[in-house]
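Trainee: this one's sequence-less:
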């Protein structure tokens, strides 16, 4: 009897799948799927055969493989390796196979089936499984050095590793691979952004003579001014102390550049910093001085802006000259930049602006004209300088009906669609990710069009970007939740195009988006912000409801409008960085052209954010049928500490 049951489970799990059309029947299938899924999760294993008939009746529903996966999980200890292998082969390259493979490896590990584990293992399943795999290989290998080299990369991490790694790390250490240099290298990774609870563990693995280095790392991380306490660096291990000093000087430069200059001038004569390290110290000091508005910034910019310097050094050198209204020097910064940077949108625009300000014989009209053909922030500004409307250059992506029909029948596409319809967005995106890894560019574009047609806007937007097709403007800037945006915007006297532009930039209309900082939903709202502006405690789940999220987001825009006299640039900058911080960035005296001010926004993220939102706002104004003079206004507008109104 047990053999018959086992054979039935095997054959049923591996049975083929067909597909049905969407419609009323599909809605019934979805309901049936959810019911069967619940039973698979709750019924005792002994009662699972009772629902086989119901599941077989659902065989043409795309998500049946997920029921088979759940059944396989529940009965895994009774399945043969051949049955598991067949499932893994049938769904190879999908999240279904990855999920079952992990559960199978867990079972093999528990049963200490080392050879079977090694055979079933695949790279990319996670650190836990990689450690188990290396441990088993080392137990059976006649040439352990090959495997020990792979352990190095696992151990040299700033993060704590799973408990499953302990056995292989013990073997690795006993073989003499945990050297002092490797321990110090891991300590640096921890300090630079890892799990600092590891420091005690790592310090105990150093010789006593090196313990002071860990204390130096700790102190310098807590206070970068430690590099000014010269007696703490005795020169006992110069190279290791130099690593701490370099780290501390960079941190101090971003925090208090004047102190960093003092410390650097002292240590420069005593420590042989490499050329690359010196360049990075110059970079941090120069940029920090520019942001602070220090009069000495130009001296350090001259030191930092060398041929091998990072791109942001030239950005800030240019931004500084723009802020000084030194157009001749601005043009020289552009002229001395690498050719590929000179061709970038920003440098082309500022070259044209500089020539115009200097009333050069060869005027900026041609440069503006070339830029004005392009659809981006600088192209739109160039159009305004030429007193002509920006060009959207909308060219919808075309795909043959045959290709679209063929891709719509791909099982992974149908599974993703069903998961999307069920509101299981994480699982749907996982299917989409696995699918796109094995598609051609044409096929990726086809499924991008399918996602757009479904209203799966975030994946459509990502798809157009990943395949390099940027001219399908209306699909890349969809009118998602347009009615709700317009209704709420009208109620709160907010431009709906601005609200939609912010949602497009913040989340690409991903309704369940959650940032690492905890911002949620369409408009990426922090719970604390929502609680403040709404004067109520709003639950996290509420912020993932699209209509609720956009309503609170528009209320926040109303709040910012009131604070900032409806200045669209300051409002968008404040949405990203906070209005109080933005107020600190306003000119302390005199007036500054708005485009120059934007170029001098201290935060790179906010600087790019503002440029994107302004361009997106114009695109949405066009789509909403609003008359727009946005970039005409931006090209004429000036900012001052006491004047926030539009001209």
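Mentor: Right, received. Where do you want to start? These figures come from a predicted structure and were not determined experimentally. Residues are numbered from 1 along each chain as shown.
Trainee: show me how far stretch 556-575 is from its chain's centre.
Mentor: Distance of stretch 556-575 from its chain centroid, counting by CA atoms, centre = their mean, to the nearest Å, is 25 Å.
Trainee: which stretches in the stretch 151-300 of the chain count as helices?
Mentor: Using DSSP state H, counting those that start in this stretch, the helices of the stretch 151-300 of the chain run over 166-174, 180-191, 198-203, 211-222, 238-255, 257-268, 275-292, 297-304.
Trainee: distance from the second one to the middle of the chain?
Mentor: Put simply, helix 180-191 sits 27 Å off its chain's centre (CA atoms, centre = their mean).
Trainee: contacts made by that helix with the rest, please.
Mentor: Residues from elsewhere that reach helix 180-191, judged by CB atoms under 8 Å, 6 or more residues apart in numbering: 152, 155-158, 196, 198-199, 202-203, 205-207, 210, 213-214, 217-218, 220-221, 240, 243, 247. Backbone N, C-alpha and C define where each C-beta goes, glycine included.
Trainee: just the buried residues from those residues, in PyMOL please.
Mentor: Buried residues among those (16 or more other CB atoms under 10 Å), as a PyMOL selection:
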select buried, resi 155+157+158+198+199+202+203+206+210+213+214+217+218+220+221+240+243+247
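Trainee: now the helices of the stretch 151-300 of the chain in a markdown table, with distance to residue 584?
Mentor: Below are the helices of the stretch 151-300 of the chain laid out as a markdown table (distance: least, CB to CB, whole Å):
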| stretch | distance to residue 584 |
| --- | --- |
| helix 166-174 | 48 |
| helix 180-191 | 30 |
| helix 198-203 | 35 |
| helix 211-222 | 26 |
| helix 238-255 | 16 |
| helix 257-268 | 17 |
| helix 275-292 | 11 |
| helix 297-304 | 18 |
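Trainee: for residue 429, give its distance to residue 68.
Mentor: According to CB to CB, to the nearest Å, residue 429 stands 21 Å off from residue 68.
Trainee: how about residue 31?
Mentor: For residue 31, the distance to residue 68 - CB to CB - is 19 Å.
Trainee: just residue 392 next, same as before
Mentor: In terms of CB to CB, residue 392 sits 47 Å off from residue 68.
Trainee: higher neighbour count, the two?
Mentor: Neighbour count, other CB atoms under 10 Å: between residue 392 and residue 68, residue 68 has more, with 23 against 16.
Trainee: the more buried one contacts residue 90, doesn't it?
Mentor: No - the criterion here is CB atoms under 8 Å, and residue 68 misses it with residue 90 at 9.5 Å.
Trainee: centre of the chain to stretch 471-488, how far?
Mentor: Stretch 471-488 has its C-alpha centroid displaced from the chain centroid by 23 Å (CA atoms, centre = their mean).
Trainee: hmm, I was thinking of stretch 622-641
Mentor: What separates the centre of stretch 622-641 from the centre of its chain is 29 Å, taken as CA atoms, centre = their mean.
Trainee: residues contacting it, please?
Mentor: With CB under 8 Å, 6+ apart as the criterion, stretch 622-641 contacts 380-381, 383-385, 387, 390, 392, 474, 477, 479, 482, 486, 495-497, 568-570, 586-595, 597, 614, 617-618, 621, 646-647.
Trainee: got it, and stretch 513-529?
Mentor: 458, 481, 499, 502-503, 506-507, 509-512, 538, 540, 543-546, 549-550, 552-553, 556.
Trainee: show me the shaky parts of the stretch 101-250 of the chain.
Mentor: Of all residues in the stretch 101-250 of the chain, none has pLDDT under 70.
Trainee: now do the same for residue 363: its pLDDT.
Mentor: Predicted confidence (pLDDT) for residue 363: 74.
Trainee: how many neighbours does it have?
Mentor: Neighbour number of residue 363 under other CB under 10 Å is 13.
Trainee: check which helix or strand covers residue 639.
Mentor: Applying DSSP states H and E as the criterion places residue 639 in strand 638-639.
Trainee: ditto for residue 572
Mentor: Going by DSSP H and E, residue 572 is part of helix 568-577.
Trainee: packing partners of that helix?
Mentor: Under the contact definition 3 or more CB pairs under 8 Å, 6 or more residues apart in numbering; DSSP states H and E, helix 568-577 sits against helix 496-507, helix 546-563, helix 579-584, helix 594-599, helix 604-623.
Trainee: setting aside sequence neighbours, what's the nearest residue to residue 594?
Mentor: Leaving aside its sequence neighbours, residue 594 sits nearest to residue 637 (CB to CB, 6 or more residues apart in numbering; 4.1 Å).
Trainee: neighbours of the one you found, just the number please.
Mentor: 19.
Trainee: so how far is residue 231 from it?
Mentor: Plainly put, residue 637 is 54 Å away from residue 231 if you go by CB to CB.
Trainee: can you check residue 208 too?
Mentor: 20 Å.
Trainee: ok, now residue 443?
Mentor: 65 Å.
Trainee: between those two, which one's more packed in?
Mentor: residue 443 (19 against 5).
Trainee: I figured the more buried one was touching residue 408, is that so?
Mentor: No - using CB under 8 Å, residue 443 is not in contact with residue 408, being 11.5 Å away.
Trainee: and the strands in the chain?
Mentor: Ranges of strands in the chain, per DSSP state E, are 592-593, 638-639.
Trainee: the ones you listed: lowest mean pLDDT?
Mentor: strand 638-639 (a mean of 90).
Trainee: tell me which residue is most central in this protein.
Mentor: Nearest to the geometric centre of the chain sits residue 515, at 8.9 Å (CA atoms, centre = their mean).
Trainee: mind checking how far that residue is from residue 291?
Mentor: According to CB to CB, residue 515 and residue 291 sit 25 Å apart.
Trainee: coming back round to it: out of the strands of the chain, flag the one nearest residue 574.
Mentor: For the strands of the chain, proximity to residue 574 was assessed by CB to CB; strand 638-639 is nearest, at 13.4 Å.
Trainee: just to revisit the earlier point, using ChimeraX, make a named selection holding only the buried ones among the contacts of stretch 622-641.
Mentor: Buried residues within those, by 16+ other CB under 10 Å, are selected in ChimeraX with:
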select :380,381,383,384,385,390,392,477,486,495,496,497,568,569,570,587,592,593,594,595,597,614,617,618,621
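Trainee: phi, psi of residue 589?
Mentor: phi -150, psi 150 (degrees, to the nearest 10).
Trainee: do you know which of the helices of the stretch 151-300 of the chain lies nearest residue 578?
Mentor: For the helices of the stretch 151-300 of the chain, the distance to residue 578 is smallest for helix 275-292, at 16.4 Å, taking CB to CB.
Trainee: is it true that residue 595 touches residue 381?
Mentor: Yes - in this structure residue 595 lies within contact range of residue 381 using CB under 8 Å: 6.3 Å.
Trainee: where does pLDDT dip in this structure?
Mentor: Looking at the chain by pLDDT under 70, you get 1-22, 361-362, 643-647.
Trainee: find the nearest non-adjacent residue to residue 43, please.
Mentor: residue 51 is the one closest to residue 43 (CB to CB, 6+ apart), at 7.2 Å.
Trainee: quick one: contacts for that neighbour?
Mentor: Going by CB under 8 Å, 6+ apart, residue 51 touches 36, 39, 40, 43.
Trainee: just give the number of residues close to the first one.
Mentor: The burial metric for residue 36, expressed as a neighbour count using other CB under 10 Å, is 22.
Trainee: state the distance from residue 371 to residue 394.
Mentor: Applying CB to CB to residue 371 and residue 394 gives a distance of 18 Å.
Trainee: could you do residue 35 as well?
Mentor: 45 Å.
Trainee: these two: which is more packed in?
Mentor: Legend: neighbour count by other CB under 10 Å for residue 35 and residue 394, higher for residue 394 (16 against 13).
Trainee: as a check, name the ranges of all helices in the stretch 351-500 of the chain.
Mentor: Using DSSP H, counting those that start in this stretch, helices in the stretch 351-500 of the chain cover 365-371, 377-385, 401-408, 411-421, 425-436, 441-454, 457-466, 473-476, 482-492, 496-507.
Trainee: just the buried positions in the fifth one, please.
Mentor: Translated: helix 425-436. Going by neighbour count (16+ other CB under 10 Å), the buried part of helix 425-436 is 425, 427, 428, 429, 430, 431, 432, 434, 435, 436.
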